[in-house]
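Visitor: no sequence on this one, just coordinates:
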């Protein structure tokens, strides 16, 4: 994955974080789905795992500071060089343990 793609994804995550308190869950989900599609295309499996956790949380009605925490994990996942199953499991566990997903 190129640095340009990482920067684009990070910018998208920052924009979501900025807007999260001012838009509905559906809008956030749409933006996260765009990130998920890019992550799938680029083979960034940990990011796909985290996006799924965030979408699930939004579906349960989670908002506010929890979303900020998930976005922080998503930023980490975007920057992660490892894409194996164990790494994905670690990111899923981080969402579960740290944020109660």
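Guide: Nice, I can see it. Remember, it's a predicted structure, so these values are computed and weren't measured experimentally. Numbers count the residues shown, from 1 in each chain.

Visitor: buried ones in the lowest-mean-pLDDT helix or strand in the chain?
Guide: Least confident element among the helices and strands of the chain, by mean pLDDT, DSSP states H and E: helix 85-99 (a mean of 86). Burial within helix 85-99, assessed by neighbour count using 16 or more other C-beta atoms under 10 Å, is assigned to 87-88, 91-92, 94-95, 99. For glycine as for every other residue, the C-beta is placed from the backbone atoms N, C-alpha and C.

Visitor: Ok, stretch 13-28 next?
Guide: By neighbour count, and taking 16+ other C-beta under 10 Å as the criterion, the buried residues in stretch 13-28 are 13, 16-17, 20, 25, 28.

Visitor: can you tell me how far the closest residue to residue 45 other than its chain neighbours sits from residue 52?
Guide: Leaving out its chain neighbours, the residue that sits closest to residue 45 by C-beta to C-beta, 6 or more residues apart in numbering is residue 83, at 4.6 Å. Residue 83 sits 15 Å away from residue 52, taking C-beta to C-beta, to the nearest Å as the criterion.

Visitor: And for residue 37?
Guide: Residue 37 is 13 Å from residue 52, where distance means C-beta to C-beta.

Visitor: More neighbours: which of those two?
Guide: For residue 37 versus residue 52, neighbours defined as other C-beta atoms under 10 Å are more numerous around residue 52 (16 against 12).

Visitor: How far away from the center of its chain is the least confident helix or strand of the chain?
Guide: Its chain's average C-alpha position is 12 Å from that of helix 85-99, according to C-alpha atoms, centre = their mean, to the nearest Å.

Visitor: helices or strands up against that helix?
Guide: With contacts defined as 3 or more C-beta pairs under 8 Å, 6 or more residues apart in numbering; DSSP states H and E, the secondary structure elements packing on helix 85-99 are helix 45-59, helix 65-79.
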